[in-house]
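Trainee: Coordinates for the following, if possible.
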Amino acid sequence: MVQENHRDVVRVTESPLDPSALLGAVSDETAGAVVAFLGTVRNHSPGKEGVTHLVYEVYAEQVEAKILALVASARDRWPLIAVAVEHRNGPVEVGEASVAVVVSSAHRADAFEAARFLIDEVKANAPIWKQEHWAGGVEWIAGS
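Mentor: Predicted structure coming up:
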């Protein structure tokens, strides 16, 4: 499901993320800066080698509304042109992007600060849980 507010796009999907499409969604002639962050699945974590994949579970009825509220908070703090936030649901393989935040603004400092704020807030406050799979087992990750 895609929800739009202003020029903002928030989506949670089981499909691979498309960074080029997200860049296109926030592009604008008035933008002097576009900042993109991709969070990707790595093959290790503290104390574990051989991570094979992650599985994300979301609270489907609330997750997109919560992320849209975070985008609104970013808009209150910085003069943003457009924002796109996408997060995966379900299994995500090593090397694939699990989350993307793309922000456009007239100036780079605003775009960088807003993108950092949004990824930190999504990780801390969106109702999304992460399960890590590796050769030795499976574990829900604390704080996710």
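
Trainee: Low-confidence ranges, the protein, go.
Mentor: Low-confidence segments of the chain (pLDDT under 70): 1-6, 143-144.

Trainee: how about 80 then?
Mentor: 1-6, 142-144 (pLDDT under 80).

Trainee: who's in contact with Gly90?
Mentor: By C-beta atoms under 8 Å, 6 or more residues apart in numbering, the contact list for Gly90 reads Glu14, Val55, Tyr56. Glycine gets a C-beta too; all of them are placed from N, C-alpha and C.

Trainee: hmm, 6 Å instead?
Mentor: By C-beta atoms under 6 Å, 6 or more residues apart in numbering, the residues touching Gly90 are Glu14.

Trainee: quick one: Ser45 from Glu132, how far?
Mentor: Distance, Ser45 to Glu132, by C-beta to C-beta, to the nearest Å: 6 Å.

Trainee: Contacts for stretch 114-128, please.
Mentor: 35, 37, 56, 58-59, 62-63, 66-67, 70, 74, 78, 80, 101, 103.

Trainee: quick one: which of those residues is nearest to Glu93?
Mentor: When those are ranked by distance to Glu93 (C-beta to C-beta), Tyr56 comes first, at 12.2 Å.

Trainee: Contacts only, for that closest one.
Mentor: Contacts of Tyr56 (C-beta under 6 Å, 6+ apart): Arg88, Asn89, Ile128, Lys130.

Trainee: Helices of the chain, start to end?
Mentor: 19-26, 63-77, 108-125 (DSSP state H).

Trainee: The ones you listed: which one's closest to Gly50?
Mentor: For Gly50, the closest of the helices of the chain is helix 108-125, at 23.6 Å, according to C-beta to C-beta.

Trainee: Next, the buried residues of that closest one.
Mentor: The neighbour-count criterion (16 or more other C-beta atoms under 10 Å) identifies Asp110, Ala111, Phe112, Glu113, Ala114, Ala115, Phe117, Leu118, Ile119, Glu121, Val122 as the buried residues of helix 108-125.

Trainee: Asp28: which of the residues you listed is nearest?
Mentor: In terms of C-beta to C-beta, no member of those lies closer to Asp28 than Ala111, at 11.6 Å.
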